[in-house]
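Visitor: Let's see this in three dimensions:
(one chain, ligands or ions: 1)
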Amino acid sequence: MICLIMSVSVHNMPISILCWKLERLPTADLLTAITCDINSEKCMLEDDCSGCFDITDILPVNLVTDIAVVWKKWEKSESQYIPVSRQGTLNDLIQEIKKQTPIFKGHVFVKRQQSLHFENKKKNSTALEVVLQVDFAENFSILCQDEIQSAHWSHPQVTIFTGCAWSDAGNAKHSYIIMSNELNHDKYAVWAFMRKIIDDLKQKYPEMKKVSVFSDGCATQFKNRYTLLNLCYSKSDWGVEVDWNFFASSHGKGAVDGIGATAKRQLWSAIMTRRADIVQSYDCYAYLKSKDLSGVNLYFLTSGDIDQHKEALQKRWSEFPAIPLIQKHHKFQAINSNMLLYSETSCNTSNKRLVFGAKLKYADIYSSDESGDSLPPLLSKRDDRPLPGTPGPSVTHENKENTKIQHGAFILVSIRSETRNHKVAYYRYLAICQEPPEEDNEVKVMYMKNISKGNEAKQFVTTPNDVSYVAMSEIIEVLPEPTVNTIGNRIYYEFNENVDVFEAG
Ligand SMILES: [Zn+2]
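Guide: Next comes the predicted model:
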């Protein structure tokens, strides 16, 4: 009997084997069994260690692998992951584990390293070097007490951005809530909220030189080239040096979660018991302010406060190049106003370097701190000159398509899915590109859902929680721009012709 539980996600890919149980093998931590040193970057990240095993190396030689087994695996259904029972032969399962092992190892390593680094930074925090964790709580919907039963969706909402700062070896702790009627949790909001918190920290610590930020790796909010290359401007924008560290996917919660939850609980109970007249987003702020949440620094920024800097930031940000393989990296720090260092984990010593700005030399664009490192092949796309030993770039069908696949483009995507019986199905979804394609030929997309009546497929809404990366090869076509309509507060997109979607479920 085998019980294999896979969970967690990286880029929305199911990974991580949590428990491995096989009657004929002792219960063992699979990772410890197959890795020579689970603390070694080489074994865990690079996956080419000659001392590490493969799952097949630790199985008994006489193991019968054509027996039927059942296991459980997290699979994506709509926008959620659900545990799905799978069956096949033991060999099928072994192959599945083998395929997922490198991703699993990488995830486990990053998770451990980042959380260790976070604890260490807090322990070593001082008035000069403060540690700050930030996150968005989910927007709070302002329902009137009488409306709570109704399933109406167009309620005013309020954004809740939370922060927790540590100094004095972790003994001094400051909590922050920034509220706003700006509901987009985007790079502009992040910039303004960060500035507010850092300004306040500067009042508390006039000597402060550096802030080490920790957050989850949400791409729209934090882990994008705009917020990260902007670290090169943190001294002029915010008056201090800022570096940014990311937790492994789905491991970015903690103190900040509690701050947001407390605020929401207070608001919810005030509404339920009609203790306060809370109708608009500002009322939420005014109410919490009147409650004097113990020790929380509370601020309200209007969407106007955020918009004020938009134009200047847009101008600056239009010059920012993509950060290659940004999602794989977990620490970003500026060296000067046009150089960013970044690495796979915060403790990693081999940094990659991204130089940007005017008048770049060819070799400056992407290189690594390690000497002798060759330029990544992506340069062949940016520069007409072929790399030594590689054929020059050719204008293929895909290259032509690349030019149309840009931020805001509506695309039809084909997603491969496997059923329990190993039957392969391809679903087709409509999606909006969130950024131009990355250099690894992946595009970040937000999926859309068909809300048309009957058999039509013309009207779609976005599903903001369903963001992931798709490979260029999974894109079937770029669609013409739809018209944008509204029902109440809700926006939907209408196409002239039926879109050839084939959604699961
Ligand atoms: Zn090894």
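Visitor: so what are the domain limits for this structure?
Guide: Here the domain parsing of the chain from automatic domain parsing is 2-114, 124-320, 323-393, 397-494.
Visitor: Nearest to the ion within the stretch 101-250 of the chain, name that residue for me.
Guide: Of all residues in the stretch 101-250 of the chain, K105 sits closest to the ion, at 9.7 Å by CB to the ion. For every residue, glycine as well, the C-beta is placed using N, CA and C.
Visitor: Would you check that K331 makes contact with L340?
Guide: No. In this structure, K331 is not within contact of L340 by CB atoms under 8 Å, at 10.6 Å.
Visitor: and the closest residue to I38 other than its chain neighbours, how many neighbours does it have?
Guide: Once flanking residues are discounted, I38 sits nearest to L31: 5.7 Å by CB to CB, 6 or more residues apart in numbering. Around L31 there are 18 other residues, counting by other CB atoms under 10 Å.
Visitor: Look at L31 and give its secondary structure.
Guide: helix (DSSP: H, G, I helix; E, B strand; the rest coil).
Visitor: and it, what does it touch?
Guide: Contacts for L31 (CB atoms under 8 Å, 6 or more residues apart in numbering) come out as I38, F104, K105, V108.
Visitor: from these, which would you call buried?
Guide: Listed as buried from the contacts of L31 are F104, K105, V108; burial here means 16 or more other CB atoms under 10 Å.
Visitor: Now the phi/psi pair for the nearest residue to Q406 once chain neighbours are set aside, please.
Guide: Using CB to CB, 6+ apart and skipping the chain neighbours, the partner closest in space to Q406 is P436 (5.1 Å). Torsion angles at P436 (phi, psi; degrees, to the nearest 10) stand at phi -60, psi 160.
Visitor: And P436, how close does it get to P324?
Guide: 13 Å (CB to CB, to the nearest Å).
Visitor: What distance separates the opening and closing residues of stretch 237-254?
Guide: In stretch 237-254, first residue to last residue: 28 Å (CA to CA, to the nearest Å).
Visitor: oh, and call the first residue 564 from now on, that's how I've got it
Guide: Taking 564 as the first residue, the last one we looked at is stretch 800-817.
Visitor: How far off centre is it?
Guide: 12 Å (CA atoms, centre = their mean, to the nearest Å).
Visitor: Next: stretch 1044-1058.
Guide: Distance, centroid of stretch 1044-1058 to centroid of chain: 27 Å (CA atoms, centre = their mean).
Visitor: mind checking the end-to-end distance for that stretch?
Guide: First-to-last residue span, stretch 1044-1058, CA to CA: 7 Å.
Visitor: So which bits of that stretch are buried?
Guide: By neighbour count with 16+ other CB under 10 Å, stretch 1044-1058 contains the buried residues P1045, Y1055, Y1056, F1058.
Visitor: right, and the pair among the residues you listed with maximum separation?
Guide: The most widely separated members of the buried residues of stretch 1044-1058, counting by CB to CB, are Y1055 and F1058 (10.6 Å).
Visitor: do you know how far the nearest residue to V1006 once chain neighbours are set aside is from H872?
Guide: Of all residues not flanking V1006 in the chain, P1000 sits nearest, at 4.7 Å (CB to CB, 6+ apart). Counting by CB to CB, the separation of P1000 from H872 is 28 Å.
Visitor: between the two, which one's more packed in?
Guide: Under the neighbour definition other CB under 10 Å, P1000 and H872 were set side by side, and P1000 has more, 23 against 14.
Visitor: hang on, that one packs against A972?
Guide: No. Using CB under 8 Å, P1000 is not in contact with A972; the gap is 10.1 Å.
Visitor: Close to the ion: what parts of the chain are there?
Guide: The chain comes close to the ion at residues C599, C606, C612, G614, C615, as judged by CB under 5 Å from the ion.
Visitor: Who are the contact partners of the second one?
Guide: It stands for C606. By CB under 8 Å, 6+ apart, the residues touching C606 are T598, C599, D600, C612, G614, C615, K668.
Visitor: before we move on, back to that, distance of the residue nearest to Q969 relative to F883?
Guide: 11 Å.
Visitor: ok, these two, which is more surrounded?
Guide: Neighbour count, other CB under 10 Å: between P999 and F883, F883 has more, with 19 against 16.
Visitor: Grab the nearest non-local neighbour of F973.
Guide: With sequence-adjacent residues excluded and distances taken as CB to CB, 6+ apart, F973 is closest to L1042, at 4.4 Å.
Visitor: Give me the phi and psi angles of the one you found.
Guide: Residue torsions, per degrees, to the nearest 10, at L1042 are phi -100, psi 160.
Visitor: in the helix or strand containing M742, what's buried?
Guide: In this assignment (DSSP states H and E), M742 forms part of strand 735-743. Residues H737, S738, Y739, I740, I741, M742, S743 are the ones in strand 735-743 that count as buried (16+ other CB under 10 Å).
Visitor: I figured the last one hits L861, correct?
Guide: The reference is to S743. No. Between S743 and L861 no contact is recorded; they are 11.9 Å apart, counting by CB under 8 Å.
Visitor: ok, Q696 - contacts?
Guide: Contacts of Q696 (CB under 8 Å, 6+ apart): F681, G726, C727, A728, V776, F777, S778, G817, A818, V819.
Visitor: beta partners of the fifth one?
Guide: In this structure, V776 bridges to L695, W807 when assessed by DSSP bridges.
Visitor: Settle this for me: it is touching F810, isn't it.
Guide: No. With contact defined as CB under 8 Å, V776 does not reach F810; the gap is 11.3 Å.
Visitor: residue ranges for the helices of this protein, please.
Guide: Using DSSP state H, the helices found in the chain span residues 593-597, 604, 653-686, 750-767, 788-792, 797-801, 818-835, 844-854, 866-870, 873-880, 942-945, 960-967.
Visitor: Which of those has the lowest mean pLDDT?
Guide: With a mean of 28, helix 942-945 has the lowest mean pLDDT of the helices of the chain.
Visitor: hang on, the earlier thing: could you report the neighbour count for the residue nearest to F973?
Guide: Other residues close to L1042 by other CB under 10 Å number 18.
Visitor: that older thread, sort the buried residues of stretch 1044-1058 by pLDDT and name the bottom one.
Guide: Y1055 (79).
Visitor: what residues are up against that one?
Guide: I1014, Q1022, F1023, V1024, V1047, N1048, T1049.
Visitor: Please enumerate the shared neighbours of Y1055 and F1058.
Guide: Joint contacts of Y1055 and F1058 (CB under 8 Å, 6+ apart) are Q1022, F1023.
Visitor: Apart from its chain neighbours, what residue comes closest to K854?
Guide: In space, K854 is closest to Q829, 5.9 Å off (CB to CB, 6+ apart).
Visitor: For the one you found, the count of nearby residues, please.
Guide: 17.
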